[in-house]
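Chemist: Please work out how this folds:
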Amino acid sequence: MRVPYGWLKDYLEIDKSPKEVANILTLAGHALDKPIFGEEGDKILDLEDRGNRADIMGIVGIARDLAALTGKILKFPLTAPLPASDNNKFIPKITISSKKVLRWTAVVLRNVKVTPSPKWLAKRLASYGIEPLNNVVDVTNFVMVELGMPLHAFDLDKVDEINLRAATRGESLVTFEGTKLELDENDLVAADSKKPLTLTTAIGGRSSGIAPTTQNILLEAGLYDQPTARRSALRLKIKNETSQRLGKYLHPKFCEVAIARSLELFKDILDVSPVTPGFDYYPEELGPTVLNLTFSALNTIAGEEVKPTEAKEILKSLEFKILNETPLNITVEVPYFRTDVVGEADLIEEVLRIRTYEKIPLFLPNRPAPKKLEFPERDLEDLARDTLTKLGFNEVVSQQIIDEKDTIKTGLFNENKIIRLQNSWNEELNIMRPETLSGQLKYGLSYQKHGVTTIKIFEVGKSYTQTGTGRGLEKYKETRKIAFSANLDFLSFKSFVETFLKELGNFEPVWVKEKLVIYKEQKGAILKTNGEEIGEVGELKQALLSNFNLEGTWCHACFYTQELLKQAKPNPASGVKTSIENLVAEDKTFEVDARAEAGKLLNRLRNEMDPSTKIKFVGIFENDELKKQNKKNITFNFKFALKKAKEESEKLKNLIVTA
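Modeler: Reported below is the predicted structural model:
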């Protein structure tokens, strides 16, 4: 979002330099996206788009925050009164044929003279990066940048009626830029009796646009279903100032405010006023959002006491209205333009954001440390990471939002269980991943392209599916998984699986052969403990590997964190207390057959050594020389009780392991 410094100063009196303003805004969450630069004799602050705030897509929104941060008064731009609306008498006839139109406000202005814009207006737009065209179009663009609400002006004499409806597959629209868009039923258009005139959610059409000969205009501001706006822009590859703003959650009140501001500018610049009546379609009027802010919650999050008077003043400076207050809390009405504020946590964020980092005390809070939180799933997953890393696997982190084509290539696609995104900007990222296999195979291909011969990778993550039952979040299932893959034969991979399970929770599962969609015949199994499924293992089908351009043999294992947690058994060595006596330690490496299983070797060592000796698997080492001999090295760490250290160390030195 570009913010010309001179334009920003139209809305508040401030004596700070552009650099000082940038520093102040950065501390409140509006960081620069690039260094300050010059344009049209002005200094431009190009700020990051942080996503969930619609109001800061207008310069007034940034000015409002800056005013609150500096103790200044926001000078809201002048607006003109709207004509009374009568939708039945409005000319031309307006028909709303789609429920995806949330509000549509329009006025008619006659005897308009289209000319170049005054210099101040042209300069403002140029400093923002918009090319000035003429006084009518420039006013609509100016208000869009100023308030964050797009508008559109039709040449009224080119329009016999307007119908806001879904497009029909096969219809097309030539935009004012000359691009031809192929529309379908998912697009929302404003059409006359013959053809689409605009893609309402993104761009205007050429046939009804403003020309030097235009004399009468219809000015409109419309708000539409946000997912529809985003999907259309994405599918049609439109990314412009309009689509960016209508892709946000704007409040319907923006429509009337933007029209009112435009009318003030049309009166000032073109000396024209709207005719009566106006048009205003607003079927489901939104009431105000009312929230409570508890001072104790504010202080807990802040880590110190924030005076209630300070919290109230900050919220009022941001135009939150105080409805009620007690010694314990306040009730506030959220201003219409802050559609991102929906809960108490958002109110606390606003108070602390405007309060800024400078007021955070240098001393630690005078209160007890919070109780340590227990996360057994994460503890188990951390142990899994450590174990797989010791086994020579590399951790990867793949996308949680993926292309459905990748899941289709695995053979695991199930339309009834897929969670589709409603508003992704990227058409290749369209579903929440229902499996972790495709991400690992894509990483495997990357390793393969880089010439890595032995590829062993793992991921600790989640998959997401629909359950088909319940309401709200109950319809969705999140599954924590530990998955790993390698370009090894099945028996070699199986030894890694058994060692992993032994280290993770002393698992000795039953391997139940199953015909699974991704594995070769007779080389796929479900692993069960106490009759409960904890995961699956197998050698992947060649056709599946071909779908990902992978060569050779690949095996895959996937375990379910929650089930592993339920079924894990204490490690026999875990009963040895760690005390001052357990300070004598040494590592021992054994050269063994390449197919030897570390888990079985660990059990043998525990049987040979004294019960007081604590033994921990460290890792596996392989190199070309060992591979030629069909060997590998396995290292363990031994901790001896002080009284038995000499005896145990000697025993370990003389221990011969043949495996």
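Chemist: got any ranges where the stretch 401-550 of the chain has weak pLDDT?
Modeler: Within the stretch 401-550 of the chain, the ranges that satisfy pLDDT under 70 run 425.
Chemist: show me where it has helices.
Modeler: Secondary structure of the stretch 401-550 of the chain (DSSP state H, counting those that start in this stretch): helices at 404-410, 437-449, 490-505, 542-547.
Chemist: Next, please give the residue ranges for the helices of the stretch 101-250 of the chain.
Modeler: Using DSSP H, counting those that start in this stretch, the helices found in the stretch 101-250 of the chain span residues 119-128, 135-147, 226-235, 241-246.
Chemist: can you tell me which of those comes nearest to Asp49?
Modeler: Closest to Asp49 of those, according to C-beta to C-beta: helix 241-246, at 7.7 Å. C-beta here means a position set from N, CA and C on the backbone, and glycine is covered the same way.
Chemist: Show me what the helix or strand that the closest one is followed by is packed up against.
Modeler: Remark: after helix 241-246, the chain's next helix or strand is helix 253-269, criterion DSSP states H and E. Applying 3 or more C-beta pairs under 8 Å, 6 or more residues apart in numbering; DSSP states H and E, one finds that helix 253-269 makes contact with strand 101-109, helix 135-147, strand 217-224.
Chemist: Go ahead and confirm Phe636 touches Val618.
Modeler: Yes: contact criterion C-beta atoms under 8 Å: Phe636 and Val618 qualify, at 5.9 Å.
Chemist: that older thread, could I get the helices and strands packed on helix 253-269 as TSV with distance to Leu263?
Modeler: What follows is these, written out as TSV (distance: least, C-beta to C-beta, whole Å):
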stretch	distance to Leu263
strand 101-109	7
helix 135-147	10
strand 217-224	8
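Chemist: Tell me if I'm right that Ala153 and Thr140 touch.
Modeler: Yes: between Ala153 and Thr140 there is a contact at 5.5 Å, judged by C-beta under 8 Å.
Chemist: Could you name every residue contacting both of those two?
Modeler: Common neighbours of Ala153 and Thr140, using C-beta atoms under 8 Å, 6 or more residues apart in numbering, are Leu219.
Chemist: and stretch 177-186, how far from the chain's centre?
Modeler: Centroid displacement of stretch 177-186 relative to its chain, using C-alpha atoms, centre = their mean, to the nearest Å, is 28 Å.
Chemist: now stretch 130-137
Modeler: Chain-centre distance of stretch 130-137: 35 Å, with C-alpha atoms, centre = their mean.
Chemist: what mean pLDDT does that stretch have?
Modeler: Across stretch 130-137, the average pLDDT comes to 96.
Chemist: what's the first-to-last distance across it?
Modeler: 11 Å (C-alpha to C-alpha, to the nearest Å).
Chemist: Identify the residues contacting it?
Modeler: Under C-beta under 8 Å, 6+ apart, the answer for stretch 130-137 is 112, 114-118, 121-122, 125-126, 138, 141, 145, 153, 210, 212, 214, 217, 241, 269-270.
Chemist: now do stretch 606-617
Modeler: With contact meaning C-beta under 8 Å, 6+ apart, stretch 606-617 is reached by 387, 390, 499, 503, 572-573, 576, 578, 582, 598, 602, 605, 634, 636-641, 644, 647-648, 651-652, 655.
Chemist: Pull it out as CSV, backbone CA atoms only.
Modeler: The C-alpha coordinates for stretch 606-617 follow below in CSV (Å, rounded to 0.1, in the frame of the first residue of the first chain):
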residue,chain,number,x,y,z
ARG,A,606,20.7,-54.4,27.7
ASN,A,607,20.7,-58.1,28.4
GLU,A,608,24.5,-58.2,28.5
MET,A,609,25.1,-55.1,30.7
ASP,A,610,24.2,-54.5,34.3
PRO,A,611,20.6,-53.2,34.9
SER,A,612,22.1,-50.0,36.4
THR,A,613,23.7,-49.2,33.1
LYS,A,614,21.7,-46.8,31.0
ILE,A,615,22.0,-47.4,27.2
LYS,A,616,20.9,-44.9,24.6
PHE,A,617,20.9,-45.3,20.8
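Chemist: sorry, back to before: next step: the contacts of stretch 606-617 restricted to helices.
Modeler: The members of those that map onto helices under DSSP state H are 387, 390, 499, 503, 598, 602, 605, 647-648, 651-652.
Chemist: May I see the ChimeraX selection of the buried members of the residues you listed?
Modeler: Listed next is the ChimeraX selection for buried residues among those, using 16 or more other C-beta atoms under 10 Å:
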select :387,390,499,503,598,602,605,648,651,652
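Chemist: May I see the ones in helices among the contacts of stretch 606-617 organised as TSV, with distance to Leu437 added?
Modeler: Compiled in TSV, the ones in helices among the contacts of stretch 606-617 are given as follows (distance: C-beta to C-beta, whole Å):
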residue	distance to Leu437
Thr387	21
Lys390	23
Thr499	22
Glu503	23
Ala598	25
Leu602	29
Leu605	35
Glu647	50
Glu648	45
Lys651	45
Leu652	42
